[in-house]
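Undergrad: just to be clear, the model below is a prediction. Sequence and coordinates:
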Amino acid sequence: GQQVMQIPQYQHVQEGEDFTTYCNSSTTLSNIQWYKQRPGGHPVFLIQLVKSGEVKKQKRLTFQFGEAKKNSSLHITATQTTDVGTYFCAGMLNNFNKFYFGSGTKLNVKP
Amino acid sequence: IAGITQAPTSQILAAGRRMTLRCTQDMRHNAMYWYRQDLGLGLRLIHYSNTAGTTGKGEVPDGYSVSRANTDDFPLTLASAVPSQTSVYFCASSDMPNTEAFFGQGTRLTVV
């Protein structure tokens, strides 16, 4: 089964609305990464979170790592059409030296 | 600056044929990976290599093999292609296994 679960699968928003995608694991993660894939493109690294409870911001994007290191979220404030794409989390399980990707959340932004 | 290069970009392959997908990186990264991307399933790890000369199995290794003879190249071979191997294949590399990964442009493979 999938080690890292991600919801929702799809999200359609009006430009200017906020967007959040969630990532969950049944086991503790040593760290988590987030990637963005534009339509027809390849995944591009956004950020990595390592510490319990960590919060990082990149302009309108806010990334959080849960206190128990089993969940994470990506929140986009006031979406723009340039935010369109699929957002993936990738979690590294403790004692496993590789990342497991979530299934991704496809974001569509209507102008 | 090339980064990571995959070839071919796309391929239509008859079932039962052997196929090697090529991946080359010029960043001197230690770790390399092969993923397949299928709708609704995200990216699933096929095989990986943490350093030249070593390889490991990912989540979906059956039907695929890899080799890592040097730092730069990490080819993926389908010994006898089946239709369920129709997918988009991404190669990636990272300096260390727990650092950011850089992805190639992908290979769209259709097995008929």
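TA: Okay, I see it.

Undergrad: show me the beta-bridge partners of the most centrally placed residue in chain B.
TA: The centre of chain B sits closest to B:W34, judged by C-alpha atoms, centre = their mean, with a distance of 3.0 Å. Taking DSSP bridges as the rule, B:W34 bridges to B:H47, B:C91.

Undergrad: that one contacts B:P61, doesn't it?
TA: No - taking contacts as C-beta atoms under 8 Å, B:W34 lies outside contact range of B:P61: 9.4 Å. C-beta here means a position set from N, CA and C on the backbone, and glycine is covered the same way.

Undergrad: what touches both of those two?
TA: Shared contacts of B:W34 and B:P61, defined by C-beta atoms under 8 Å, 6 or more residues apart in numbering or on different chains, comprise B:I46, B:H47.

Undergrad: now do the same contact list for the closest residue to B:P83 other than its chain neighbours.
TA: In space, and not counting its chain neighbours, B:P83 is closest to B:V111: 4.9 Å by C-beta to C-beta, 6 or more residues apart in numbering or on different chains. The neighbours of B:V111, taking C-beta under 8 Å, 6+ apart as the test, are B:L13, B:A14, B:A15, B:A81, B:V82, B:P83, B:S84, B:Q85, B:T86.

Undergrad: now the buried members of the residues you listed.
TA: B:L13, B:A81, B:Q85, B:T86 (16 or more other C-beta atoms under 10 Å in any protein chain shown).

Undergrad: for chain B, what lies in contact range of chain A?
TA: For chain B, the residues in contact with chain A (C-beta under 8 Å from any C-beta of the partner chain) are B:33, B:35, B:40-45, B:48, B:50, B:56, B:58-59, B:90, B:92, B:97-106.

Undergrad: got a PyMOL select line for the buried ones in these?
TA: Buried members of the residues of chain B next to chain A, defined by 16+ other C-beta under 10 Å, are picked up in PyMOL with:
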select buried, chain B and resi 33+35+42+43+44+45+48+50+58+59+90+92+97+98+100+101+102+103+104+106
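
Undergrad: please identify the helix or strand for B:A2.
TA: Under the criterion of DSSP states H and E, B:A2 resides outside all helices and strands.

Undergrad: hang on, the earlier thing: gap between the residue nearest to B:P83 and chain A?
TA: Plainly put, B:V111 is 21 Å away from chain A if you go by C-beta to the nearest C-beta, to the nearest Å.

Undergrad: what pairs with that residue across the strands?
TA: B:L13.

Undergrad: how about A:S25?
TA: A:V4.

Undergrad: could you report the neighbour count for A:K51?
TA: 10 (other C-beta atoms under 10 Å in any protein chain shown).

Undergrad: in contact with it, which residues?
TA: A:F65.
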